[in-house]
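Undergrad: How does the following fold in three dimensions:
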Amino acid sequence: MNGSTIQTDTGASVQTNTVLDALEQQNDVDVEQPGPRIDIDVSDRFVIEELPKQEEERIHDQLPTVEEAKANLSPLPATNPKKKMLKIGGAILLLVALLGTIIALTGKKEEPPMQITTRGEEVIEFLFDLGVSPLPALKDPTFAQHKAAVFVADGDNYKMDYNESPEAAKRFIERFALVTMFYHFNGASWAYNLNFLSAQDHCNWSSTFTTATSDKTIIKGVVCNEEGFVTALQLSQNNLQGRHIPNEINSLTHLETLHLYFNTINGEFPVVREMKNLKSIALMQTGLVGTIPEWIGEMSQLTTLALGNNQLHGMVPSSISNLRNLKILGLDDNSGLTGNINRFKGLSALEALYLEDNAFTGQLPSGGNIWPKLVELDVSNNIIDESVPSSLLNHKELVVLDLHKNRLTGTFPDDIFENTNLKVLALHENAIGGTLPDRLPFLKNLEHFDLSFNALTGTIPDDVSQLTSMRYWSTTNNRFSAQPMPDMSTWSELQDVAMKNNNLSGPLPAWLGGLGKLQMIDLDSNKLTGSIPSWFGLLPNLHAMLLNRNELTGTIPPELANLKKLDLLLLDGNSITGNAQVICEADTGIKPTLFTTDCYPGQHGEAPEIECRCCTTCCIDGDTTCNNFKWTSTVDPVWEYGFLRPNYVFSLANAPADYSKAGNSQISDPIDNAFDSRRHLVENKKSADDASDASRRYAAGTVLADHLG
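TA: Sure, this is the predicted structure:
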């Protein structure tokens, strides 16, 4: 997804990479004149934003920084020499006096901390009597609770009175809880201060950001209702650093939204079971450890529970089936969570279910009444078995279906009916057999199709040409029968095509030259014949071209010099002759990082098939060890919480000898050595001389999930 500019309520412009409203209705907010309280229903609001660290005016509630102290101690302009000497002498005398004082104080105990005032003692007693905080924490000067109590008692210029009324007492406690959060999470180092500890109503402890492209509003900080009670705390991606979530969070009894994701929170799942108004908990990538508590099933009011990218482990409690109001459930990327997937079967309100990268087992539930509102389902990289239910392909709401890297078997479903919603179908790295049905084009708006590393047979049906919205297509490593490359000329949006080891024959089709958005062509290890067409030069966005291990002839066309973005070019394992001067001596800017041809001399002094002075690897026909890598291109997009981030990986795995003719036995590729498969395209090569690994990585872009906008 392309970045968009956002403007803060202080007028500063910053850049955001993802500003996405995931699955739930959004309410626009007028940000031109923010009032003392923002009246906004955020109970069903779930926005993921990425805001870069940016200096903004901070409220100096702490001691001066080192830089400020140095600035205050900067020397005055020099005076005449006599005055200067007098100052030096005085400084020496002062230094001697200070040394004497230090020596005199050696062995004495440190001075006790400043005594708390009478009001401070009253505040501490008030907070303790109501069970807001334990007395030791309120008394110990090193605890955030003590610092917060001292602040609200004496350091707060807002001077809130807690004796005025029961409502005033509740709001005073809320203010104390927020200040405790500030001190506990090292508020002085937050990326955005968000007006915390300022001398104004804590309902104004927030900042408002507006996206320039969509005019959507993001509120970070505190949001209150009309009565002045806190209903939302949104501190996501703000450099919070702590050891756990303080129990004082329970004092925010009206809280509906708790979004602290992308911070260093740590600790176990917070004890929030008594917060009966809490509807949305988003704690992704916060360092949570331990297990999901059994009492989670008591929080039946929850609509969002997002706990992805943490270190949670153990069996997901069966009580989670009680959360019948859940719309978003994210347990992804914890690695250690277990349980049968059918315990989520009864969550009929779900619109997004993210379970990937764990150890869930069982069979996918089938039937038209299962998850009737589901939009995104990602159960990839688990231990799910049996077959793919056809009901998921015919689901009327589903947009993303990612089941890759499981233990799915059976045949690819052939009872497919017209479906205009499904855009992403990722089933790679399973053991699915059978043939691709002629009814596949009934998935009319399919954009991402990946069935690589399965056991499909037969041929790819010609009717796939009707899938005119296709952006990414991969059928790498299956058991297809010989056929020419199927017609994809109508796929004007196609960016990546990966058909490695698909038993393709015949010449490279001319229609490829008309697909101007192509970024990757992977036709490695097939039986393609003829020469490399000149129309490849018409693909200005091409960054990876894998034509190695085929039966191509002719020379390298000079038009390839126009491919300024080309970074990976593999032509070895063919019968291409001549030289590579069109690449090596081009003044057009083409400089592939990895370039392989058959440019190694023969064993008896024969001239190489092709002369190449800029190739990174030179091979020779018959040497099955040269460039002996599968160069497997796979993609593991991240759909979580309303956005798509497709990123590509080229595997390091070695290929067997004569790989292009041994493809039928190569059904799986675990990609054990891939680097950072969710964030970068990694292209690796191993030098035949020193067996050293070289890697290069670059981002592959981000795509908005339009259906969630």
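
Undergrad: my guess is residue 446 contacts residue 420, does it?
TA: No. The criterion here is Cβ atoms under 8 Å, and residue 446 misses it with residue 420 at 9.8 Å. C-beta here means a position set from N, CA and C on the backbone, and glycine is covered the same way.

Undergrad: So for the two, which residue has more residues nearby?
TA: Set residue 446 next to residue 420 and count neighbours by other Cβ atoms under 10 Å: residue 446 wins out with 24 against 12.

Undergrad: Who are the contact partners of the more buried one?
TA: Residues in contact with residue 446, defined by Cβ atoms under 8 Å, 6 or more residues apart in numbering, are 422, 423, 424, 425, 467, 469, 470.

Undergrad: check which helix or strand covers the first one.
TA: In this structure, residue 422 sits in neither a helix nor a strand according to DSSP states H and E.

Undergrad: Now do the same for it: its pLDDT.
TA: Here, the pLDDT recorded for residue 422 equals 97.

Undergrad: residues touching it, list them.
TA: When contacts are counted by Cβ under 8 Å, 6+ apart, residue 422 touches 393, 395, 398, 399, 401, 443, 445, 446.

Undergrad: Closest to residue 564 out of those residues?
TA: Relative to residue 564, the closest of the contacts of residue 422 is residue 446; by Cβ to Cβ it sits at 31.0 Å.

Undergrad: which SS state does the closest one fall under?
TA: Recorded secondary structure, residue 446: coil (DSSP: H, G, I helix; E, B strand; the rest coil).

Undergrad: quick one on the thing from earlier: report the buried members of the contacts of residue 422.
TA: Neighbour-count burial (16 or more other Cβ atoms under 10 Å) applied to these gives 393, 395, 398, 399, 401, 443, 446.

Undergrad: thought the fourth one was touching residue 420?
TA: What that stands for is residue 399. No. Using Cβ under 8 Å, residue 399 is not in contact with residue 420, being 10.4 Å away.

Undergrad: low-confidence ranges in the protein?
TA: 1-115, 211-214, 634, 637-709 (pLDDT under 70).

Undergrad: Spell out the residue ranges of the helices in it.
TA: For the chain, the helices defined by DSSP state H occupy 66-72, 81-105, 118-129, 135-139, 144-150, 166-184, 390-393, 581-584.

Undergrad: what distance separates the last one from the middle of the whole chain?
TA: Just to be clear, that refers to helix 581-584. Using Cα atoms, centre = their mean, to the nearest Å, the mean C-alpha position of helix 581-584 is found 39 Å from that of the whole chain.

Undergrad: what sits up against it?
TA: For helix 581-584, contacts defined as Cβ under 8 Å, 6+ apart pick out 556-558, 560-561, 569, 590, 592, 595, 611-614.

Undergrad: which of those has the most neighbours?
TA: residue 569 (26 neighbours).

Undergrad: CA atoms only: put stretch 150-161 into CSV for me.
TA: Backbone C-alpha positions of stretch 150-161 (Å, rounded to 0.1, in the frame of the first residue of the first chain) are rendered in CSV as follows:
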residue,chain,number,x,y,z
VAL,A,150,1.9,12.7,44.0
PHE,A,151,1.2,14.2,40.6
VAL,A,152,-2.6,14.3,40.9
ALA,A,153,-2.3,15.5,44.5
ASP,A,154,0.2,18.3,44.1
GLY,A,155,1.8,18.4,40.7
ASP,A,156,-1.3,18.7,38.6
ASN,A,157,-2.2,22.2,37.8
TYR,A,158,-5.7,21.1,36.8
LYS,A,159,-6.4,20.6,40.5
MET,A,160,-9.3,18.1,40.2
ASP,A,161,-11.3,17.8,43.4
